[in-house]
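Provided below for reference: sequence and predicted model.
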Amino acid sequence: MSYGRYGRPALKNSVDVQLQTAFTDSNWNTVIRLADKRFKTLKDPYYEAIRIAAESQLDGTSERCTALIAIDELVKSKAVPDYDTLELLEWAARDYLYDTEYAETLGPLRARWVKANPKSKFAVKCLQSCLEYWDLVSAQQIATTLDKAFANSGDRQYMFWSITLTYLLSVSPQCSEASKKVYSLLVVKQLERAADITENAEKVESKDRGLLQEEEISLYYRVMLSHGSKEDFISRMQSPKLGPLAQLKEGRKDLFYQALNAYESWGEWDRIYDLCRQALRLGLDGMTPTFSVCDYKVWKKFALAASKSKDQETALGEVQSILKEFIALKTNTAMYKKNIALALLDTAFRQPVVPGSSGNDSGVTPRVIQIGLYLDSYFDKLSAFDDVKDFVAELSFEEVKGLMEEVLPKMLEESEKSSQVILKSLICKLRYLLTTCTQTLSHNPSVVDGQEQDKPYQCRLCSTLTSLPCESCLRSVVTEAAQIYQQIVDDSELLAAIPRLDKDPRIDLALVMGNSILKLSGLHPRTSDVAPAPLRDVNPSLFLQAVLVLDTQLKVTPSDVALRLLLAQLYLLLGCASYAYQIWTPLEVKRTIQDSLSPLFFDRISSLSPGLFTGTRPLMEPLRSYYNNSLHSSCPLRIWDAFSSGSYSSILEMTEFDSKLRRSCTLMMSIVEERRATRAFGGKIECEIGDLALTENIDDTTTLLNKTDYGSFVNLESPHGPPIQEFLRIGPELSNERAHLSFLSEQYLDLIHHKPPKDHRPYKPSEAALKERAYTFETLSQLNNSLTSFIHRPTTPAALTSPEATYYTIISLLSAAVLTALSTTRADPYPSETMSVITSSIRIAFTGLRARFTSSSSSSSSSTNSTTGVDETFYSLTDMHTLSHVRETALAMRHSAAFVQAWNDRELARDRSGKSTLHKDGLAELKALDAMAAKTITEVKGHIQKLKEQLGGGGWLDKMLDWTFGGAEGTTEGEAGETAKVRKAVEDVVGGREGAEEWVGKVVESWGQGVKGWGLVRME
C-alpha cells in the first residue's frame, strides 16, 4: 500500500475489477457512480472514501474540497479510521493539504490509528508519512506507541526512534516552550536509563534496552551535551563502558573527539590533559592501534592543555616523554611520522619562552630549529606552508632572522636543483607572510625634529620607514618570485619535473606576486564601505599588473581552483563580470556546496552586470534548482533513509543542516538578485517574494545565516591581519542585516507594483476598496517599522556599501512618505512638518548618492587623472554598483509617486465629490521627488551611452597597455626605481607588452559586454 508522498494508492484487493479498472484509468465519474453503489449495498465506509477521493479529482471547487471536509469530520469524530481510508484521503487532498494542516488533521488521525493497531505492519508507514510532512508531534506519539508495543520483543530500533523524535521535538518550533522543557527532561531520562542498563550489565545483549551501537552512544553524547548539565556530562564521561576512552578502545574516535571538544568549550584543560594522556598511553600499551591515537588533533590538544596546566613544566615534560616513546616505535607509516613531527613542532611552541635562555645570539632557538627540522622533511609537500604558517607568525624578530638568514639558506645549500626551486618558492611565501606580521615592524616617532612623519613604522627587516605592510619588502618579494619563476620557465629539466611534484611551484610564485602587487596597489579590506568606489583609492597600474600575472598563470595551470577563485573575484572588482563568469563556470560548483560557494560570485551580481542574466541558460538556475529540490518539503531530504538505517547522528545533522539552509543568506541573495534582474529587463515576476515557499517562514525575528566558505582560497596572510578574501569583495560579505533589508525592500516594491488582473471585478467594490485600504496601510506600516529597525541596528553600517545604505534608507523613507500621503485625504489636516522631514531626508540622501555617481559621469571620459594615469572611464567601468543603485533608487521614487497618483485617481473615480481623494500637498511632494528621479534617470541613460561610445572607439589596446605598464616606453613620469623593478618583474613573467595584448582584448571585450547589457536595461 506504500505509495510515497505523491503516488496514487492501489485499492484493496477486495474491490471488484470493474471499480479497480475505472480507478486505474482515472475514469472518475464512473468511479463515483460505482463506489456510491457499492457503499449503499455493502455499507462499507471504504467505498465512501473511494467516492470522495474520485470527486476530489474533478474540476469543480466544491468537489475538490470534499476530501478536506471528510478529513475534518474524521478528526472531530474521535473514531479510529481505516488505514486504507487514510491512504486514499491523504492522496486525494495532496494538493491542498499543507504541512501545518497535516499536523492538525491526518497526522493525529494516523497517530490515533497506530495506537489502536500498534503491531500492524502499516504502523511504520504511518510514521514515515508523518515524517514526510515533518509532523514531529504525531511522529513522536507513533514512535512511542511502537516502542511500548515492542518493548519485550528485542527490537531496539523503536526505542531509539522514540528517543530521537523526542529530542527533535524538544528543539522544534512545533513545540511550546513549556512542552520543550518536559520533552528535554524526558529524553535525558530515557538515555540515562539506557546508559545505566549498559553500565550495570556484565554484557549488553542485542535485545537489551541499553546503549550498544556507536550511533546509539553518539545520540547519548549529543543529547547529554545539549540538554544535560555540564556536571552530569562530565560525570557520565568517567564511565568505564561508555566514557570516551572506552569508545576509543572500540575504534570510535568521533565519540572521543566529542568529549574533547566539549571539555575545550568549557575550558576544562586538566580533563583534556588527562584524557589525551590516557588515550596516548592506550596506544603505547597496545590496547588500541598506535596509528589510531597518534593523531595530530590529539597531540595539539594535549600540548595546549599542558601549557595551561598549573605545573606547566612537569606537564610539558610528560608530553615530551610520551612523544619520545612514540618516536622510539619507529613506525614507517608516512602519516604517522608527519603527525609526530607536527606534535614536536607544536610542543616546542608551548614551552615558555625565557629571554636569553637559548644562549644563542643568532636567534636559532629550539623553536626555529624545530621548524627547520619539519621543513627539512616536508618542504616539498602541498601542505608545508599551511603547516608552519601560524608557528612562523609567532616567532620573535630575532627568531625570524635566525630562520630566514641561517636555517633556510643552509637547507638551500644542501638541496638539489629541483628541490631548491620548491624551497625557494616556500621561502617567498614565508617572506610575504612576514610582511603581514607585526613583529617585523617597530614604531616610528610621529614627530622628528619638529616634522610630522607620515610613516608610522620602521621595517626591522629592511630598515625602511613604512606603513603596514612594508612596501619595500613587498617589492623585494615580487622581484625575487619573478626571478625564480623565470628560472623554472627557462629550465627544461625543471619543467619536466613539475608533474611529479605535489603542486606546480609556479602557481605559488604567481600567487605571491599577485598578492604582493595587490597590497602595493593600495587595495584595502572591504569589511565596510571604506572607499568611495572599490578601485578609486587603488593604483590602477599595479592592480592591473597583479591581475595580468595571475591570468597568465591560469592559462598555464587552468585546473587550479584557488587561482580561479581569486581571479573571478578580481575581475568582478575590475568590472569584467562576463569574463569573471567564464573563469567561474569551469569550477562546476556541485549542488551540495552551492549554498556556501555561490556568494563568491553571485553576491551583488545584478548590480554589477545585469546582462549576464540574458544568457540562454538562466544565471541562477543552479541555485534555484538546488533550493527547490532540497527544500521542496518541510522535512529534511532523505530523512527516512537515516531513520530506517538507524543513523541517529545523521538524523540530527540533517535536521540541523536543513534548518540552517532554510535560513541561509545565500538563499535570500539568490531570490533577490534574480528578481532585480527580472525587473531590470521588464520581465514578469510570477509572485510576491513573501508568497514564495522558500521564504514563507522568514520574518523579522528570523536570524539569517552567512555560511560562505572561504576555505578554497590560498590564504598567505598571518593571523594578525585580515584574510585575503576581505580585500577582494565589492563590499561587506553577506549578513543577516543586509539579507533582511533586501527582503523587506522587495516586499515594498511588490506592494507598489501590484496591479489587479484586468478582468478583476469585485462583487462589492466599496467593501473591496476598504479591505485594500486596510491591507495597504497595515503593510506599509509594518514595512516601515521593520526597515527602520534594521537600518538603525549598530551592526548595519558595517554590513552595507554606501550605495546600498542609501538605497535601503530611501526605501524606508518612501514607505513612510507613501503611507502618510495615502492616509491624508483632502478633507484632513495636512501633516506638513512630518511630510517635509521625510521628503527632505529623501532628497538629501538621494543627492549624496547622485553626487557619487555624477562625480565620474560628469567628468570628461578622455580626461586623465594626473595621479593614477588613467582616465575616468576606468573608474566608471569599475563602479557599476553605484550606477545600479542610483537607477534602483530613482525608479523606486518614481514608482512610489505613480502608486500614490494611481491611488488618488481610483478614489476620484469611486467618489466624484473628491472628498476621499488625497491631499494635494502630499501629491505635490511626491511629484517633486518624481521629477528629481526622472532627471537622474536621464543622466544614467546618458552615462551608459557615453561609456558605450568610448568603448566603441579605437586605441584601447595601447591605452590599456599604457595603464598597465606606464606608457609606450614602459616608464611613467616620476616612477621610482623600486616600482620600475616591479614592473620589469611583471613584464618578464607575462612576456612584456606583446604577451599582454590577448589579455587586454579579453578585458576590453568584457567591459563592452557589460555596457551592452546595461544598454538593454529598462529605465522606466
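Everything's here; your move.

quick one: Glu588 from Tyr710, how far?
Per CB to CB, to the nearest Å, Glu588 is found 19 Å from Tyr710. Every C-beta, even on glycine, is put in place using the N, C-alpha and C of the backbone.

What lies in contact with stretch 157-171?
Residues outside stretch 157-171 that contact it (CB atoms under 8 Å, 6 or more residues apart in numbering): 127, 136-137, 139-140, 143-144, 146-147, 149-151, 175, 179-180, 183-184, 186-187, 190-191, 194, 209, 216, 219, 223, 226-227, 643, 646, 648, 651-652, 655.

mean confidence score for that stretch?
If you average the pLDDT over stretch 157-171, you get 96.

can you check stretch 909-927 too?
86.

pLDDT weak spots in the stretch 401-550 of the chain?
Applying pLDDT under 70 to the stretch 401-550 of the chain picks out residues 446-453, 527-532.

meant to ask about the stretch 251-400 of the chain, not that
353-362.

change it to 90
Applying pLDDT under 90 to the stretch 251-400 of the chain flags residues 283-295, 327-336, 351-363.

quick one, helices of it?
According to DSSP state H, counting those that start in this stretch, the stretch 251-400 of the chain carries its helices in the segments 253-266, 269-284, 290-293, 296-307, 312-328, 334-350, 366-378, 384-394, 397-402.

The stretch 651-800 of the chain now?
665-680, 725-728, 736-753, 765-791.

Val388 is nearest to which of those?
Nearest of the helices of the stretch 651-800 of the chain to Val388, taken as CB to CB: helix 725-728 at 21.7 Å.

still on that earlier bit, the more surrounded of Glu588 and Tyr710?
Tyr710 (17 against 7; other CB atoms under 10 Å).

so who does that one touch?
Tyr710 neighbours (CB under 8 Å, 6+ apart): Leu600, Pro723, Gln725.

please redo it, this time with the cut-off set to 10 Å
By CB atoms under 10 Å, 6 or more residues apart in numbering, the contact set of Tyr710 is Leu565, Ser596, Leu597, Pro599, Leu600, Pro723, Ile724, Gln725, Glu726, Leu728, Glu733.

Hmm, the fourth one is touching Gly731, no?
No: between Pro599 and Gly731 no contact is recorded; they are 12.0 Å apart, counting by CB atoms under 10 Å.

just to revisit the earlier point, what's the ChimeraX line that selects buried ones from the contacts of stretch 157-171?
Only the buried entries of the contacts of stretch 157-171 go into this ChimeraX selection, using 16 or more other CB atoms under 10 Å:
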select :127,136,137,139,140,143,144,146,147,149,150,175,180,183,184,186,187,190,191,194,209,216,219,223,227,643,646,648,651,652,655
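
Just the ones of the contacts of stretch 157-171 in helices?
Within those, residues falling in helices by DSSP state H are 127, 136-137, 139-140, 143-144, 146-147, 149, 179-180, 183-184, 186-187, 190-191, 194, 216, 219, 223, 226-227, 643, 648, 651-652, 655.

Extract the CA atoms of stretch 85-92 and return them as CSV.
Provided in CSV are the C-alpha atoms of stretch 85-92 (Å, rounded to 0.1, in the frame of the first residue of the first chain):
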residue,chain,number,x,y,z
THR,A,85,-9.2,5.2,4.0
LEU,A,86,-6.4,7.4,5.4
GLU,A,87,-4.2,6.5,2.5
LEU,A,88,-6.9,7.4,0.0
LEU,A,89,-7.8,10.7,1.7
GLU,A,90,-4.2,11.8,2.1
TRP,A,91,-3.7,11.2,-1.6
ALA,A,92,-6.9,13.0,-2.6
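
can you pull the contacts of Leu42?
By CB under 10 Å, 6+ apart, the neighbours of Leu42 are Ser14.

ok, back up a step: can I get the helices of the stretch 651-800 of the chain in TSV with mean pLDDT, mean neighbour count and distance to Thr592?
TSV is the format used below for the helices of the stretch 651-800 of the chain (pLDDT from 0 to 100; neighbours: other CB atoms under 10 Å; distance: least, CB to CB, whole Å):
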stretch	mean pLDDT	mean neighbour count	distance to Thr592
helix 665-680	96	23	13
helix 725-728	90	20	21
helix 736-753	97	22	22
helix 765-791	93	15	31
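
Show me the domain layout of this structure.
Per automatic domain parsing, the domain ranges recorded for the chain read 1-97, 100-149, 152-242, 252-352, 590-703, 735-745+764-952.

what about the third one, how long is it end to end?
According to CA to CA, to the nearest Å, domain 152-242 extends 24 Å from its N-terminal end residue to its C-terminal end residue.

show me where pLDDT drops low in the stretch 751-900 of the chain?
In the stretch 751-900 of the chain (pLDDT under 90), the answer is 755-770, 826-828, 851-872.

50 instead, please
Within the stretch 751-900 of the chain, the ranges that satisfy pLDDT under 50 run 860-861.

ok, which stretches of it are strands?
In the stretch 751-900 of the chain, no strands are defined using DSSP state E, counting those that start in this stretch.

what residues does stretch 909-920 touch?
765-766, 769, 773, 820-832, 835, 900-901, 903-908, 923, 925-927.

make it 8 Å
By CB under 8 Å, 6+ apart, stretch 909-920 touches 765-766, 769, 821-822, 824-828, 830, 900, 903-904, 907-908.

which stretches of the stretch 51-200 of the chain form helices?
Under DSSP H, counting those that start in this stretch, the stretch 51-200 of the chain gives helices at 61-64, 66-77, 83-92, 99-102, 106-116, 123-132, 136-149, 157-170, 177-200.

wait, which of those is closest to Leu891?
helix 99-102 (37.0 Å).

buried sites along the lengthiest helix in the chain?
What stands out as the longest helix in the chain, according to DSSP H, is helix 920-952. Using 16+ other CB under 10 Å as the test for burial, helix 920-952 gives 922-923, 925-926, 929-930, 932-933, 936-937, 939-940, 943-944, 946-947, 950-951.

cool, stretch 112-125 as well?
Under the neighbour-count criterion of 16+ other CB under 10 Å, stretch 112-125 has Arg112, Trp113, Val114, Lys115, Asn117, Pro118, Phe122, Ala123, Val124, Lys125 buried.

what's near enough to touch Tyr807?
Counting by CB under 8 Å, 6+ apart, Tyr807 touches Ser745, Leu849, His885, Glu888, Thr889, Ala892.

Output the residues you listed as a markdown table; include the columns distance to Leu106.
Shown next, in a markdown table, are the contacts of Tyr807 (distance: CB to CB, whole Å):
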| residue | distance to Leu106 |
| --- | --- |
| Ser745 | 38 |
| Leu849 | 53 |
| His885 | 48 |
| Glu888 | 45 |
| Thr889 | 48 |
| Ala892 | 45 |
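
biggest separation within those, which pair?
It's Ser745 and Leu849 that sit farthest apart of the contacts of Tyr807, by CB to CB, at 14.9 Å.

Ile71 is nearest to which of the helices of the stretch 651-800 of the chain?
Of those, nearest to Ile71 by CB to CB is helix 765-791, at 29.9 Å.
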